[in-house]
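> the sequence and its predicted three-dimensional model are supplied below.
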Amino acid sequence: MDHDVEIDAIGLLCPWPVLKAGKALRGMQPGEVLRLLATDPVAVIDVPHFCAEEGHTLISTDDDGAATAYTIRKGA
């Protein structure tokens, strides 16, 4: 899937991947797509929770080598 912005949070621990995603999403338009790369094992819990709380859509969670790629569509 195509994305508008990509954030590399590889090597960063909680809460940094979600904080970086939040900052990026604040600068994006509704409907745009963010791809977040993270290696933090807690991100698998934090990212879906963040999306639900902030009104964004978690489109997919995929393995991308050593990292996990989270594809998020910005909500309204």
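In hand now; what should we look at?
> give me phi/psi at residue 69?
Per-residue torsions, residue 69: phi -100, psi 120 (degrees, to the nearest 10).
> so it makes contact with residue 62?
Yes: using Cβ atoms under 8 Å, residue 69 is in contact with residue 62, at 4.8 Å. Every C-beta, even on glycine, is put in place using the N, C-alpha and C of the backbone.
> of the two, who's got more company?
Higher neighbour count among residue 69 and residue 62: residue 69, with 17 against 12, using other Cβ atoms under 10 Å.
> how far away is that one from residue 42?
Remark: distance between residue 69 and residue 42 (Cβ to Cβ, to the nearest Å) = 16 Å.
> give the rounded mean pLDDT of stretch 50-70.
Stretch 50-70 carries an average pLDDT of 96.
> got it, and stretch 8-26?
On average, stretch 8-26 scores 97.
> mind checking the end-to-end distance for that stretch?
Length of stretch 8-26, first residue to last, Cα to Cα, to the nearest Å: 16 Å.
> quick check: residue 13 touching residue 43?
No: assessed by Cβ under 8 Å, residue 13 is found out of contact with residue 43, at 9.1 Å.
> higher neighbour count, those two?
residue 43 (26 against 13).
> which phi and psi does that one have?
Per degrees, to the nearest 10, the backbone of residue 43 is at phi -60, psi -30.
> over to residue 49?
Torsion angles, degrees, to the nearest 10, at residue 49: phi -60, psi -50.
> how near is it to residue 2?
Residue 49 is 25 Å from residue 2, by Cβ to Cβ.
> between those two, who's got more neighbours?
A side-by-side neighbour count of residue 49 and residue 2, using other Cβ under 10 Å, places residue 49 first with 11 against 6.
> so what's the residue nearest the centre of the chain bridging to?
Of all residues in the chain, the one closest to the mean position by Cα atoms, centre = their mean is residue 36, 4.0 Å from it. Judged by DSSP bridges, the bridge partners of residue 36 are residue 7, residue 70.
> so how far is residue 57 from it?
Counting by Cβ to Cβ - residue 36 and residue 57 are separated by 13 Å.
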